[in-house]
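Enquirer: Take a look and give me a structure for this.
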Amino acid sequence: MSEWPINEKENLILGNISSNVGIITLWTRSKLIADKIPSNLYCAIGQLYFNGGINFILRNCLYNKNIRYLIVTGQDLAKAGDTLLALKNNGVDENNHIIGVHNSKIHKEIPKEAIDKFRQNVEILDFRGKTIEEIIDKINQLEKKESYGDSEIFPDNKIEPPEKLPSDSAVVKIKEKTIGRAWLEILYNISRFGATKPTSYGGFQKELINVLSVITDEDPFEPKWEEYFQFSKEELEEYIPQVTKNIKIENIHYTYGQRLREVQLKDGNKIDQINNIIDILSKEPYNRRAIAFTWNYESDPTSKEPPCINLVHVLVQENTLYLTVYIRSNDMYEAWPRNAFALRRLQGEIAREIGKSVPLKIGPLTTISGSAHIYDKNWTDTKEILDRNREWVLMRSTPLGNLINFRIDPKGNFLIKVEEGKIKAIHTDLDGNAIGNYEGKVAGELIVQISNNNLISEISHALDLGSELQKAEIALRTGKQYTQDKQLVL
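Expert: Predicted structure coming up:
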C-alpha cells in the first residue's frame, strides 16, 4: 500500500493507513477538519468539489479495500455529497450514469461490477451539518472491519469530448472587427456548444440562446469580403436594399425595409421609422427613443411568416452612433451574414444623414440573436467551412494568434509593479492615465479586488493579468526582479 493513494495524492491529508475511515470535506478546506481530528482515526481526508471527483474516490477505495467507511462533512455547495449518496443508494445504469442524478457519470473504465462491489462494502455516513465532536464519537463507535478483497486498478479515463460542450445557457458574446470573422466565431461556437433540438419545420437544429455579436470596424459601404461566404457580392448588394429601403418584391409577403420604412397608422397616415430615427437624433442626439419595430401585433403572432428581425435601436454617445438589433430567430448559417451586412449599411446611412447636422463616428453594430441556430442541412457545410479555415480557428488559441487577434480591453489596462514589499496594480484608461490603484502581498488579494470591481471584460486580458500577478507574487517571495511582460528568471 506504499503507493496508495493512486489518485489526487497531493490533495489528500494522510493519517493511519490501516484505518477503515476516509473523510470527505466537500468544499470545506480539508486542513480545517484534519487539524481537529486525531490522525490515527482516519486513513485520509480530502475535499470533493464537483461530481467528477467521485471517480477518484472510487478508484482510491477500490485499490485500498481496507476503507469501509466514508464520512461526508463540510459545506456542499455543488451538491456532490448528494451525488455520492445517490451512487451508494441507486448505483449506475448500463452507461455508467449515476441513477437519479442529471448528467453525472462514472468513468467507463470502471466496470459496473466494481462499482457495485464498492456500494455493497463501503458505508457512506452523512455528517453534513454535524460537529467535529460528533464525527469523532462516530468514528470511535465504528466496528473494525477487514478488507473486502484484493486491490483493483483501472485504466486512466480516456477523455472524449461530448457532442455539446458546457456553455453559458443565457448569453454568448462574440466580438470581432469584421462580419466575416464574427461569422466564423459564430459557426464555431454553435457547432461546439449548441444544443440539438427539433425545429417546427421537421429536422433538427443546433441552437445557442442570445448570441450577442459585436462588429466594431466593418466599413458600412465597402464591406470586407471573405472567400468562404455562401453568397456572391452581387447577391449581397441585391439583398441589402431589402433591409434599408422600402422595396416591394413580387410574390414576397414583405421585406424588412417595408416594415421599417412604411408603417400604417390608425389615422390612415404612414410613417417611415428610419426617417423618424434620423429626425429625433438630429435634434436630440441624447434621445433614447430612436427605435424601429417590424412586428405587427395584429397579424404576426399567428402568422406562418413573422419577421425574424424585430427591433432596431439607435443610440448616440460621445459623438458615436451605435446600432443594436434584436433578432428573435436567426439562421446563423444562411441569414446572419446577410442580415449583418444590411444592418451595418443601414447604420452607416443613418449616421451619414444625422451627421449632416451632428458630426458622428460609426460605432459598433450589435446583433442579439435570441435563437441562434444552424439547421441540420447545413451542419456538413459548416464543418467544411471551419475545416477550410482551420488555421484561423487553431490560431485563436496560440500566443501568435492572441497577438494577431489582440483586442484591447475597453475597461483599461493594468501596470504591475513590486514595490515596498507589495504587489501593486495601477489601473489605467486606454490613454494611459492612472484611474485606480490596487495592492496586496499575494496575487489572490488583487484578483479579488479587481474582480469585485468588474474591471476586466476580455478573457485574454484576465488570463494575462492572472499570470502577471502570480509572477509578481513569486518575485516578491523569492526576492527576484519582476518586470511586467518579461520572463521571471528563477
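
Enquirer: quick one, longest strand in this protein?
Expert: When the chain is parsed with DSSP state E, its longest strand is strand 361-375.

Enquirer: Show the secondary-structure elements that that strand is packed against.
Expert: Where contact means 3 or more Cβ pairs under 8 Å, 6 or more residues apart in numbering; DSSP states H and E, strand 361-375 is packed against helix 179-193, strand 204-215, strand 320-331, helix 336-354. Any C-beta I mention is one placed from the backbone N, CA and C, and that applies to glycine too.

Enquirer: Residue 209 contacts residue 371, doesn't it?
Expert: Yes - here residue 209 reaches residue 371: they are 6.7 Å apart, a contact under Cβ atoms under 8 Å.

Enquirer: Residue 172 contacts residue 211, correct?
Expert: Yes - if you go by Cβ under 8 Å, residue 172 and residue 211 touch, sitting 4.9 Å apart.

Enquirer: any common contacting residues for the two?
Expert: 189, 372 (Cβ atoms under 8 Å, 6 or more residues apart in numbering).

Enquirer: low-scoring pLDDT stretches of the stretch 151-300 of the chain, where are they?
Expert: The model of the stretch 151-300 of the chain has no residue with pLDDT under 70.

Enquirer: What ranges does it have for its strands?
Expert: 172-176, 195-198, 204-215, 263-264, 270-271, 291-293 (DSSP state E, counting those that start in this stretch).

Enquirer: Nearest to residue 277 among the ones you listed would be which one?
Expert: With Cβ to Cβ as the measure, strand 291-293 is the member of the strands of the stretch 151-300 of the chain nearest residue 277 (6.2 Å).

Enquirer: Give the buried residues for that closest one.
Expert: Within strand 291-293, the residues that count as buried by 16 or more other Cβ atoms under 10 Å are 292-293.

Enquirer: Name the residues of the helix or strand following that strand that are buried.
Expert: Scanning forward in sequence from strand 291-293 by DSSP states H and E, the next helix or strand is strand 309-317. Neighbour-count burial for strand 309-317 flags 309-310, 312-316 (criterion: 16+ other Cβ under 10 Å).

Enquirer: Please tabulate these in TSV, including the columns distance to residue 6 and pLDDT.
Expert: Formatted as TSV, the buried residues of strand 309-317 follow (distance: Cβ to Cβ, whole Å; pLDDT from 0 to 100):
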residue	distance to residue 6	pLDDT
309	57	97
310	57	97
312	60	98
313	58	98
314	62	98
315	59	98
316	63	97
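
Enquirer: So between residue 172 and residue 211, which is more surrounded?
Expert: Applying other Cβ atoms under 10 Å to residue 172 and residue 211 shows that residue 211 carries more neighbours, namely 27 against 21.

Enquirer: looking at it, the more buried one is touching residue 185, isn't it?
Expert: No - contact between residue 211 and residue 185 fails when scored by Cβ under 8 Å: they sit 9.6 Å apart.

Enquirer: Pull up the overlap in contacts between these two.
Expert: Joint contacts of residue 211 and residue 185 (Cβ under 8 Å, 6+ apart) are residue 174.

Enquirer: contacts for the particular helix or strand that has residue 446 in it?
Expert: Using DSSP H and E, residue 446 sits in helix 443-452. The set of residues external to helix 443-452 that reach it, using Cβ under 8 Å, 6+ apart, is 414, 423, 425, 427, 438-440, 456, 465-466, 469-470, 472-473.

Enquirer: Give me the subset of those that lies in strands.
Expert: Short answer: these in strands (DSSP E) are 414, 423, 425, 427, 438-440.

Enquirer: Tell me the buried residues within those residues.
Expert: If we count by 16+ other Cβ under 10 Å, the ones in strands among the contacts of helix 443-452 have these buried: 414, 423, 425, 427, 438, 440.

Enquirer: how about those in TSV, adding pLDDT and distance to residue 157?
Expert: Output for those, formatted as TSV (pLDDT from 0 to 100; distance: Cβ to Cβ, whole Å):
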residue	pLDDT	distance to residue 157
414	95	38
423	96	38
425	95	39
427	94	42
438	95	40
440	95	38
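
Enquirer: Switch those over to CSV; also include distance to residue 196.
Expert: Formatted as CSV, these follow (distance: Cβ to Cβ, whole Å):
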residue, distance to residue 196
414, 41
423, 46
425, 43
427, 43
438, 44
440, 46
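
Enquirer: And those, which is closest to residue 139?
Expert: Distances from residue 139 to those, taken by Cβ to Cβ, are shortest for residue 440, at 39.7 Å.

Enquirer: Roughly how far does that closest one sit from residue 44?
Expert: 33 Å (Cβ to Cβ, to the nearest Å).

Enquirer: Over to residue 153?
Expert: 17 Å.

Enquirer: These two: who's more crowded?
Expert: When residue 153 and residue 44 are compared for neighbours, residue 44 comes out ahead with 24 against 9, by other Cβ under 10 Å.

Enquirer: wait, that one sits on residue 18?
Expert: No - using Cβ under 8 Å, residue 44 makes no contact with residue 18, being 11.9 Å away.

Enquirer: returning to that earlier point: partners of the longest strand of the chain, with directions?
Expert: Strand 361-375 pairs in its sheet with strand 204-215 (antiparallel), strand 320-331 (parallel), by DSSP bridges.

Enquirer: and that strand, what's its mean pLDDT?
Expert: Averaged across strand 361-375, pLDDT comes to 97.

Enquirer: Please find the angle between the direction vectors of the following helix or strand past that strand and helix 179-193.
Expert: Using DSSP H and E, the helix or strand that follows strand 361-375 in sequence is helix 379-388. Computed by axes from the mean of the first three to the mean of the last three Cα atoms, to 10 degrees, the angle separating helix 379-388 from helix 179-193 equals 120 degrees.

Enquirer: C-alpha coordinates for helix 379-388, PDB please?
Expert: Provided in PDB are the C-alpha atoms of helix 379-388 (Å, rounded to 0.1, in the frame of the first residue of the first chain):
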ATOM      1  CA  TRP A 379     -24.100  21.000 -40.500                       C
ATOM      2  CA  THR A 380     -21.800  19.400 -43.000                       C
ATOM      3  CA  ASP A 381     -21.200  22.600 -44.900                       C
ATOM      4  CA  THR A 382     -20.500  24.400 -41.600                       C
ATOM      5  CA  LYS A 383     -17.800  21.800 -40.700                       C
ATOM      6  CA  GLU A 384     -16.200  22.100 -44.100                       C
ATOM      7  CA  ILE A 385     -16.000  25.900 -43.700                       C
ATOM      8  CA  LEU A 386     -14.400  25.600 -40.300                       C
ATOM      9  CA  ASP A 387     -12.100  22.900 -41.600                       C
ATOM     10  CA  ARG A 388     -11.000  25.000 -44.500                       C
END
